[in-house]
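Colleague: Sequence first, predicted model second:
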Amino acid sequence: MSLEEAKELDKIYSVYKSKFNIPTFQSLGIKNDKFQPDTESIYLCGNSLGLMPKNTATAINNELNAWSSRGVESHFNHPDKSLTEWVDIDLPLIPLLSPLVGAQDNEVAVMGSLTSNLNSLLIHFYKPKNKRTKILFEKQAFPSDYYAFLNIVKLFGYDESHLIQIEIPKGSTYLPTELILSTIDENLENLALVCLPGIQYYTGQFFDIASITKHVKFKSSEIIVGWDLAHAVGNVSLKLHDWEVDFATWCSYKYLNSGPGAIAGIFVNSKYTKTNSNLNYKPRLAGWWGNNSEERFKMLEKFDPIASALSYRQSNPSVIDCVALKSSLEIFKEVGGIEPLRKKSIELTSFLEKILKSSEFYIPQDSLDDNKFGFKILTPLNQNERGCQLSLNFQPHRDNKEKNVMERVFKYLHNHAIICDERRPDVIRLAPVPLYNTFEETFFASQILLEALESIKNDYN
């Protein structure tokens, strides 16, 4: 792949970089004599924190002005009549968000944070009974998920033996779908809940949500299927309703570009909420914002849950968080939704993969030689089994950070304002995001990475 090919691809696929604020060498505090201070970075870290849309500051300042000028009265009497009153601040986000996850509007709520939402949904959906007490998930789950699963079984009086973790087989870099399905079958009589990531944070694997969910549902109607979509929402196409997923949760600060630690979201299949009423609902962690909005301010001691995923809300959402998220979701709508972005994403990541695989430093995934200098791509090479991200595992490993390949490459990249992230001991994650990354800058970033390896290779001979 060449620079000329990158430029030709950039003529085919649109980029919306102008809608985002891009950090520069100067703003990042990076000094490099080869670049002017105002040179933009190449930001390949949307898998960790998405860039800030330019219209976010205006959206937030509008609400700060409302707070300043009217205080509490902005809940019901916003000074700008073109904007949403605070009492309903999250509601305009629902029709923007539901298409991105493939849901009906009544199946989505904007609320809480990723892990607090996961815990809320677990306490609602995990119903151990008789032999069905176990939760199946992955061995390399993000620590927050592990803590949530561990503590939910303990809250019900069980121990770690009621957690079933699927581990990547030796000689592989990710979990084969066949292994997931066979593990489900082997534990079928004991499973209460299956909860996996839509995209694995470390390897970048895009799990086959449709097939796994369908398999579980075919085998047993008693097993609940949930998904942690932190790395999937805004990254890949999702059809949660059609796939008959029971529940899902996600954050919004990665590919949804809503800001650090911003408000999260949930999906709850409509079959669990459509008959909600004061006399007919399943207990959950509840609060007044999940109650019938017409009755909410009567302060009645009666829980009358909304007949939608909104019934799982506990408190009024952050106004600032909601408008920040809305500013990004409006961009997704403007560019035609996730489908055209996914199409470009596949081409971007494939372009990067081809460059890396043509390098002398590329080591095949099935290689067992851990002392060879270079890198493996941990992420599935099948373009349909990954999102924006490629995870590179550098070797050989050295305990001394100053001598470890990954740390040295990461430092070199950062000194050239290639913004990505490291996952110790040896992984760098690169995520070209179709909204604001181009093929040309992806090409340039790959050349800097290979230049870094070239500069240090003699130290490992």
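Modeller: In hand now; what should we look at? Predicted model, so just to flag it, every value in this text is computed and none were measured.
Colleague: Please list all residues in contact with residue 435.
Modeller: 15-17, 19-20, 46, 257, 331, 335, 341 (Cβ atoms under 8 Å, 6 or more residues apart in numbering). Every C-beta, even on glycine, is put in place using the N, C-alpha and C of the backbone.
Colleague: Highest neighbour count among the residues you listed?
Modeller: With neighbours taken as other Cβ atoms under 10 Å, the top of those is residue 257, carrying 28 neighbours.
Colleague: Skipping its backbone neighbours, what lies nearest that residue in space?
Modeller: residue 50 (3.4 Å; Cβ to Cβ, 6 or more residues apart in numbering).
Colleague: still on that earlier bit, list the ones among the contacts of residue 435 that fall in strands.
Modeller: If you go by DSSP state E, those have residue 20 in strands.
Colleague: Could I get the contacts of residue 435 in CSV, plus columns for pLDDT and distance to residue 283?
Modeller: Listed next are those as CSV, based on pLDDT from 0 to 100; distance: Cβ to Cβ, whole Å:
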residue, pLDDT, distance to residue 283
15, 96, 48
16, 97, 44
17, 96, 47
19, 98, 43
20, 98, 43
46, 96, 38
257, 98, 35
331, 98, 38
335, 97, 41
341, 98, 39
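Colleague: Which member of the contacts of residue 435 is positioned nearest residue 124?
Modeller: residue 257 (29.0 Å; Cβ to Cβ).
Colleague: Tell me how far that closest one lies from residue 159.
Modeller: Applying Cβ to Cβ, to the nearest Å, one obtains 40 Å for the distance of residue 257 from residue 159.
Colleague: ditto for residue 425
Modeller: Taking Cβ to Cβ, one finds residue 425 at 30 Å from residue 159.
Colleague: residues near the residue nearest to residue 257, how many?
Modeller: Quick note: residue 50 (other Cβ under 10 Å) scores 26 neighbours.
Colleague: cool, and residue 11?
Modeller: Neighbour tally, residue 11, other Cβ under 10 Å: 8.
Colleague: what do you get for residue 102?
Modeller: Neighbour number of residue 102 under other Cβ under 10 Å is 18.
Colleague: Nearest spatial neighbour of it, chain-adjacent residues omitted?
Modeller: Closest to residue 102 by Cβ to Cβ, 6+ apart is residue 239, at 3.6 Å.
Colleague: contacting residues for the nearest residue to residue 352 once chain neighbours are set aside?
Modeller: Spatial nearest neighbour of residue 352, excluding adjacent residues (Cβ to Cβ, 6+ apart): residue 442 at 5.4 Å. When contacts are counted by Cβ under 8 Å, 6+ apart, residue 442 touches 6, 42, 44, 348, 351-352, 432.
Colleague: Recalculate using a threshold of 7 Å.
Modeller: 6, 348, 351-352, 432 (Cβ atoms under 7 Å, 6 or more residues apart in numbering).
Colleague: my guess is it is in a helix, correct?
Modeller: Yes - assigned with DSSP: H, G, I helix; E, B strand; the rest coil, residue 442 falls within a helix.
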